[in-house]
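S.K.: 3D, please:
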Amino acid sequence: MKHGWRELFYFSKAGRRAVMLLAGMCIGVAATSVLFLWKDEAGPVGTGNRDAVDYDDFMAGIQHDTIIRKNVAQSVAHDTEKRPELFVFDPNTADSVALIRLGLRPWQVRNLCKYRIRGGRFRRPEDFAKLYGLSSEEYERLRPYISIAEEYKSEMRTRRHELSADTAVRFIRQEKFSEGVTVDLNEADTITLKKVPGIGSYYARRITDYRNRLGGFVSVEQLSELEGISAETLQWFTVEPSVFRPLYINRMSVEELRRHPYLSFYQSRVLVEHRRKYGPMKKLQALSLYGEFTPADLERLQPYVSFEE
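M.R.: Next up, the predicted model:
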């Protein structure tokens, strides 16, 4: 047993060297750590009082220079912004450099350039006041120096002449019927409709479009189905009932049926489904069995329906 413990702690010559080397390394690491901790508490490595003073002076100098540079930069920017130049310019041709020198901000210059690219022109000094983002104070400061080239002024005079001529032509075209004249809703084209008091180009197109969708008017009162048509306007119209495009309910598809103003998608689907189950329809009243159709719906559909197969 005694020999067993001795053998347990016995090292060969090479083993003892390794143990001593390992112990030396541990002692070295510990000493280095203690040294670094002491240096951190004592101040910068290798500096005395004079070095510490020099270091503080150096850092203070850097901070001072930084403050000076910052103040100079702010002063230059402030002076540049507060001291714009004033000289004669044409907003139609002035480049971005000139506009910046006049005191306009970069985003204002971009707005002006975009306006010119899109074909915009300044034909009077007052037009420059409409520049997006330009304040009234800025305009008043620059107004005495705005000079519009003659070519842009002449364009304005030409445009005024064209507008006057166009207005005269439109005035002639908008001549209205005198009281007592009536127009057949199924015969009138847009030119004739525009002569009716209260009907312009917009409503003339709407009336003809609605007539085509219906397949023809059967009563003047159908005009009231168009929003914006007043009751007073109806007195100018008459109708010779005429359906030029019937609803062939025994052969038209859902998509074809739903194009009619008096049939919705769901009503068209019910109609086609009824036809599929019970065969061709002979009377429109068969649809009264379905909740999708009211008596009023069937009444206004009646003039347009054809049972032809």
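
S.K.: and A296, which of the three is it?
M.R.: The three-state assignment at A296 reads helix, by DSSP: H, G, I helix; E, B strand; the rest coil.

S.K.: just the one 5 residues further on next, same as before
M.R.: The three-state label for L301, taken from three-state DSSP, comes out as helix.

S.K.: give the contact list for it.
M.R.: Residues near L301 by C-beta atoms under 8 Å, 6 or more residues apart in numbering: L247, Y262, L263, L284. Where you see a C-beta, it was placed from the backbone N, CA and C, and this is true even at glycine.

S.K.: so how far is L257 from it?
M.R.: From L301 over to L257 the distance is 10 Å, taken as C-beta to C-beta, to the nearest Å.

S.K.: Common neighbours of these two, please.
M.R.: Residues touching both L301 and L257 by C-beta under 8 Å, 6+ apart: L247, L263.

S.K.: now the stretch 1-150 of the chain, which segments are flagged as low pLDDT?
M.R.: 1-16, 19, 29-82 (pLDDT under 70).

S.K.: which stretches of it form helices?
M.R.: Taking DSSP state H, counting those that start in this stretch, the helices of the stretch 1-150 of the chain run over residues 2-8, 13-42, 49-82, 96-101, 106-117, 125-128, 136-142, 150-173.

S.K.: what about R123, how many neighbours?
M.R.: Number of residues near R123 (other C-beta atoms under 10 Å) recorded here: 17.

S.K.: Could you check how far the nearest residue to C113 once chain neighbours are set aside is from L104?
M.R.: Spatial nearest neighbour of C113, excluding adjacent residues (C-beta to C-beta, 6 or more residues apart in numbering): S96 at 6.8 Å. To L104, S96 is 9 Å away according to C-beta to C-beta.

S.K.: neighbour-wise, which of these two wins?
M.R.: Neighbours were counted for S96 and for L104 using other C-beta under 10 Å; L104 has more, 23 against 13.

S.K.: so who does the more buried one touch?
M.R.: By C-beta under 8 Å, 6+ apart, the contact list for L104 reads L112, L134, E138.

S.K.: same check, this time on P197
M.R.: K176, F177, T233, W236.

S.K.: Let's have these in CSV, adding distance to L142.
M.R.: Below are these laid out as CSV (distance: C-beta to C-beta, whole Å):
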residue, distance to L142
K176, 49
F177, 54
T233, 52
W236, 56
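
S.K.: nearest to A18, of those?
M.R.: T233 (115.1 Å; C-beta to C-beta).

S.K.: quick one: which helix or strand includes the residue lying closest to that closest one once chain neighbours are set aside?
M.R.: Nearest residue to T233, sequence neighbours excluded (C-beta to C-beta, 6+ apart): G198, at 4.6 Å. For G198, there is no helix or strand it lies in under DSSP states H and E.

S.K.: How many neighbouring residues does G198 have?
M.R.: Other residues close to G198 by other C-beta under 10 Å number 13.

S.K.: quick revisit: is there a quick PyMOL command that grabs whichever of the contacts of P197 are buried?
M.R.: In PyMOL, this line selects whichever of the contacts of P197 come out buried by 16 or more other C-beta atoms under 10 Å:
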select buried, resi 233+236
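
S.K.: Could you dump the contacts of P197 into CSV and include secondary structure, distance to S224 and pLDDT?
M.R.: What follows is the contacts of P197, written out as CSV (DSSP: H, G, I helix; E, B strand; the rest coil; distance: C-beta to C-beta, whole Å; pLDDT from 0 to 100):
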residue, secondary structure, distance to S224, pLDDT
K176, coil, 21, 85
F177, coil, 20, 85
T233, helix, 9, 91
W236, helix, 14, 93
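
S.K.: Looking at the contacts of P197, which is nearest V305?
M.R.: Lowest distance from V305 to the contacts of P197 (C-beta to C-beta) belongs to T233, with 28.6 Å.
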